[in-house]
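> With the input below, show me the fold.
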Amino acid sequence: IGRDAGRHRPFIWWVINRLLFLAAIGSIQGFAQYYLGDVLQVPNPATATTALLGVVGVFLVGSALGGGYLADRIGRCRLVGLAALVAAAGVGVLLLARDLPQALMAASIIGAGTGVFLATNWAMGTDLAPAEEAGRYLGISNLAGAGAGIVGAGIGGPVADFCNALRPGLGYRVVFTLYGILFLLSVAALKRIKER
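Residues are numbered from 1 along each chain as shown. You can find the predicted model right below:
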């Protein structure tokens, strides 16, 4: 953005919000099989992960359709924050889960929050990007999507290895807790955005 960064701080905070949320959700997907196998000790964790991600997908699509409608009525910023809180609550349910059905319930909550986020967050970004340079600004926003995997894996891999060495399975609980915190930090980033 260069010298114009000072005039477009809300857009920068939107990119940060997007980066934090996408880092959390992408990394949850990446570590789900290890969590199901090592922490919940479900039989055949690969198959269970497919079911878990399928549930996330179903709820993601359904809530994305409703999210776009709601964003126009209650405000994009408010709805993006609510979506992140819902996703964080889903991570909380997952951390408390003791079996696969409870993990699937958590997946439905995470999927619902993610669907609303994806529909609403992008609409918010198009509102915040300056109309005369929307292509350039929204192109820059792809840094959040591309960087999310690096941030999530950069946190998750080393933390999981270190904590699993202390006690097997502990690393994935700590990592998922950190991803829940990333959802909450994405809400904090919204405090710097004032919608037009």
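
> What residues of the helix or strand of the chain with the lowest mean pLDDT count as buried?
In the chain, the helix or strand scored least confidently by mean pLDDT, DSSP states H and E is helix 134-166, which has a mean of 87. Residues 137, 141, 144, 147-148, 151-152, 155-156, 159-160, 163-164 are the ones in helix 134-166 that count as buried (16 or more other Cβ atoms under 10 Å). Any C-beta I mention is one placed from the backbone N, CA and C, and that applies to glycine too.

> Quick one: those as CSV, columns for distance to Trp122 too.
Output for these, formatted as CSV (distance: Cβ to Cβ, whole Å):
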residue, distance to Trp122
Tyr137, 13
Ser141, 9
Ala144, 11
Gly147, 17
Ala148, 14
Val151, 19
Gly152, 19
Ile155, 24
Gly156, 25
Val159, 30
Ala160, 30
Cys163, 34
Asn164, 36
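
> For stretch 52-64, the averaged confidence score.
Regarding stretch 52-64, the rounded mean pLDDT is 96.

> So which residues make contact with that stretch?
29, 32, 36, 100, 103-104, 107-116, 118-119 (Cβ atoms under 8 Å, 6 or more residues apart in numbering).

> Among the residues you listed, name the ones in helices.
29, 32, 100, 103-104, 107-116, 118-119 (DSSP state H).

> got the contact list for Phe176?
For Phe176, the contacting residues are Ile28, Phe31, Tyr35, Val91, Leu94, Leu95, by Cβ under 8 Å, 6+ apart.

> Excluding sequence neighbours, find me the nearest residue to the fourth one.
So that's Val91. Leaving aside its chain neighbours, Val91 sits nearest to Gly180 (3.7 Å; criterion: Cβ to Cβ, 6 or more residues apart in numbering).
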